[in-house]
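Peer 1: Quick check, what structure comes out for this input:
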Amino acid sequence: MPAMQAANWLAMPFQLALLVPFLRFGQWLSPGRAMLIDPRTIDFNQVAAQAAAAPLHALAQMGSLLGHALLGWLLTAMPALLLMTLLLTPVLHGVSRRMALSLE
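Peer 2: As a prediction, the model looks like this:
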């Protein structure tokens, strides 16, 4: 469990760095829905002020943004998972065999 938490914390900067590219990709995939906030120029003070003034409206805007990011991530993650599975399965089987042979 601690190793999983450490991996999550180490991955957090990468997740934050990829948020804007996934937002842009999701926006490109669904051009009919205009984004209410430009992800390149998000002012967190402005977002906090909007959330305080009109929480439901701010939630709808953030939901739209995160929906675009989720769409971009899903369409990227599926081929990446397939590619990693195809490439890493033989490598990990080879490592497993070598470890078993070295223990005998």
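Peer 1: following the least confident helix or strand in the chain by mean pLDDT, which helix or strand shows up next?
Peer 2: Within the chain, no helix or strand scores below helix 44-53, which has a mean of 81 by mean pLDDT, DSSP states H and E. Of the helices and strands lying after helix 44-53 in sequence (DSSP states H and E), the nearest is helix 55-103.
Peer 1: Figure out how far that following helix is from the centre of its chain.
Peer 2: Between the centre of helix 55-103 and the centre of its chain there are 9 Å (CA atoms, centre = their mean, to the nearest Å).
Peer 1: Need the residues that contact the least confident helix or strand of the chain.
Peer 2: With contact meaning CB atoms under 8 Å, 6 or more residues apart in numbering, helix 44-53 is reached by Ile37, His57, Ala58, Leu59, Gln61, Met62. (Each C-beta comes from the backbone N, C-alpha and C, glycine too.)
Peer 1: Next, give me the two most distant ones among those.
Peer 2: Ile37 and Leu59 (12.5 Å; CB to CB).
Peer 1: Comparing these two, which shows the higher neighbour count?
Peer 2: Ile37 (17 against 12; other CB atoms under 10 Å).
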